[in-house]
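Colleague: Sequence and predicted structure, then a few things I'm wondering about:
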Amino acid sequence: MAYEIEFDDVVPEHFRFLTAREKAWVLAEIAVQLTHEPLTRTRSRKRLRPNRIATWELRVGGLRVFYDVIGTDVVRVLAVGRKRGNMVIIGGREMIL
């Protein structure tokens with residue numbers, strides 16, 4: 001069964017801080033990685049320690065996609081950002097996970 005992908009209302013604002021190439025890459029990886037088995041840990045996906053952003057993280061190179069799985073069939077993308085050391089820049093703001 002394929003999961004439906006939903007984007008939080010703030011995600012389009014996060015995409016404004018990415019290049020067109022990065023945005024296309026992230027969207028392609030979301031479609032490939034999160035449509036099937038988004039709760040399976042891989043080299044690119046991991047469950048996060050409790051934080052105020054999301055439960056799961058998808059790594060796309062130096063970019064990060066933060067998401068939650070709702071019920072049994074919906075993946076909700078909550079944020080997209082750029083990783084820098086122990087910080088993530090989301091929508092132009094630095095955040096510590």
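Modeller: Cool, the structure landed.
Colleague: For the longest strand along the chain, buried residues please.
Modeller: Identified as the longest strand of the chain according to DSSP state E is strand 74-84. Of all the residues in strand 74-84, those buried under the rule 16 or more other Cβ atoms under 10 Å are Val75, Arg76, Val77, Leu78, Ala79, Val80, Gly81, Arg82, Lys83. Where C-beta positions appear, they are placed from N, C-alpha and C, glycine not excepted.
Colleague: Name the strands paired with that strand and say parallel or antiparallel.
Modeller: Using DSSP bridges, strand 74-84 pairs in its sheet with strand 4-7 (parallel), strand 63-70 (antiparallel), strand 87-90 (antiparallel).
Colleague: Run the chain-centre distance for that strand.
Modeller: Relative to its chain's centre, strand 74-84 lies at 3 Å (Cα atoms, centre = their mean, to the nearest Å).
Colleague: Could you report the separation of the most centrally placed residue in the chain from Met87?
Modeller: Closest to where the C-alpha atoms of the chain average out (Cα atoms, centre = their mean) is Val65, at 1.5 Å. Counting by Cβ to Cβ, to the nearest Å, the gap from Val65 to Met87 is 16 Å.
Colleague: cool, and Asp8?
Modeller: From Asp8 to Met87 the distance is 21 Å (Cβ to Cβ).
Colleague: And Phe17, by the same measure?
Modeller: Phe17 is 14 Å from Met87, where distance means Cβ to Cβ.
Colleague: between these two, which one's more packed in?
Modeller: Phe17 (16 against 13; other Cβ atoms under 10 Å).
Colleague: I'd like the next helix or strand past the helix ranked longest in the chain.
Modeller: In the chain, assigned by DSSP state H, the helix with the most residues is helix 20-34. Downstream of helix 20-34, the next assigned helix or strand under DSSP states H and E is strand 45-47.
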